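S.K.: fold the following for me, if possible:
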Amino acid sequence: ERDGPFPPPPPAAPFRPFHFPTDPADRPPTADRGTMSGEDVKRLNREAIEAIRSEDFGKAIECYTKALRAEGKEGKNYFKLLANRSSAYFRDGQYRLALKDSEESIKINDSFYMAYSRKGDALSKLDRGEEALKAYQEALNQAMVQKNVPSIKVSEIQSKVIQLEAKLGKGPGLPGSTAKRGPKDSKENSGESKNIGKPKIPLLPTIEFSLHC
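M.R.: Modelled structure (predicted):
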């Protein structure tokens with residue numbers, strides 16, 4: 001037998017739980033990163049677009065996630081891929097993840113009009129109409145000051161602003177626009193249109209976005 005008290009045990013190391021990133025694109029490097037080229041990223045983007053057209057949203061999300069991992073956060077197309085994956089999440093009904101991706105895209109490039117449009121789409125579905133309207137208005141502002149934005153996309157965002165303003169009971173004003181609603185629009189707003197009472201089909205976000213720039 002040993003004389004005297006036993007020596008105290010060594011102090012235990014502090015417990016530090018590992019929190020694995022919830023977003024697959026934020027996870028540690030895998031075989032995708034560093035082994036895939038820019039052409040592979042574009043191919044994954046095209047495959048995701050085709051998957052969305054086929055309503056295979058899970059595959060689209062998977063393709064965009066692989067593309068994001070391969071591109072890396074320092075890549076020039078990372079913010080575009082985030083906005084595209086936001087569209088896929090939106091169509092899959094995962095509105096909070098769609099919102100998260102759109103906001104991350106805006107953090108990287110705060111002049112990217114499509115990310116604001118994606119944000120507005122997600123906020124609309126989350127019943128955050130006032131915030132959605134602000135996002136759409138910012139999308140319109142950014143789209144109208146950029147010369148390379150197709151007019152059809154500007155018109156799409158204008159339509160979203162008008163529809164949401166009507167839903168929220170706000171005026172018809174559009175930022176940067178002097179256009180006024182015509183007599184036909186006035187009749188629709190006063191309930192005289194023959195289409196009154198018919199549900200409006202919500203505009204879905206545009207899915208095609210080039211990665212060439």
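S.K.: tell me the spacing between His91 and Leu99.
M.R.: Careful, residue 91 is Arg and not His. Distance of Arg91 to Leu99, given as Cβ to Cβ, to the nearest Å: 14 Å. Quick note: C-beta positions are derived from backbone N, CA and C, even for glycine.
S.K.: kindly report the same for Glu138.
M.R.: Glu138 is 15 Å from Leu99, by Cβ to Cβ.
S.K.: neighbour count: the two, which is higher?
M.R.: Applying other Cβ atoms under 10 Å to Glu138 and Leu99 shows that Leu99 carries more neighbours, namely 24 against 21.
S.K.: once you drop chain neighbours, what's closest to that one?
M.R.: Ala122 (3.8 Å; Cβ to Cβ, 6 or more residues apart in numbering).
S.K.: just to check, that neighbour is in contact with Phe90?
M.R.: Yes - counting by Cβ atoms under 8 Å, Ala122 touches Phe90, with 6.0 Å between them.
S.K.: list the residues that contact both of these two?
M.R.: Common contacts of Ala122 and Phe90, defined by Cβ atoms under 8 Å, 6 or more residues apart in numbering, comprise Ala98.
S.K.: between these two, which one's more packed in?
M.R.: A direct count of neighbours by other Cβ under 10 Å for Ala122 and Phe90 places Ala122 higher, at 27 against 24.
S.K.: where does Ala70 fall, secondary structure wise?
M.R.: Per DSSP states H and E, Ala70 falls inside helix 57-71.
S.K.: in that helix, what counts as buried?
M.R.: Residues 57, 59-71 are the ones in helix 57-71 that count as buried (16 or more other Cβ atoms under 10 Å).
S.K.: for the residue lying closest to Cys63 once chain neighbours are set aside, helix, strand, or coil?
M.R.: Once flanking residues are discounted, Cys63 sits nearest to Ala48: 3.8 Å by Cβ to Cβ, 6+ apart. Assigned by DSSP: H, G, I helix; E, B strand; the rest coil, the conformation of Ala48 is helix.
S.K.: surely Ala48 is in contact with Ser87?
M.R.: No - between Ala48 and Ser87 there is no contact under Cβ under 8 Å: 9.2 Å.
S.K.: the more surrounded of these two?
M.R.: It is Ser87, of Ala48 and Ser87, that has more neighbours when counted by other Cβ under 10 Å, with 30 against 27.
S.K.: averaged pLDDT, the one helix or strand that one maps to. What do you get?
M.R.: Following DSSP H and E, one finds Ser87 within helix 78-91. Across helix 78-91, the average pLDDT comes to 96.
S.K.: can you name the next helix or strand after it?
M.R.: Counting by DSSP H and E, the next helix or strand C-terminal to helix 78-91 is helix 95-108.
S.K.: how far off helix 78-91 does that following helix point, in degrees?
M.R.: Counting by axes from the mean of the first three to the mean of the last three Cα atoms, to 10 degrees, helix 95-108 lies at 160 degrees to helix 78-91.
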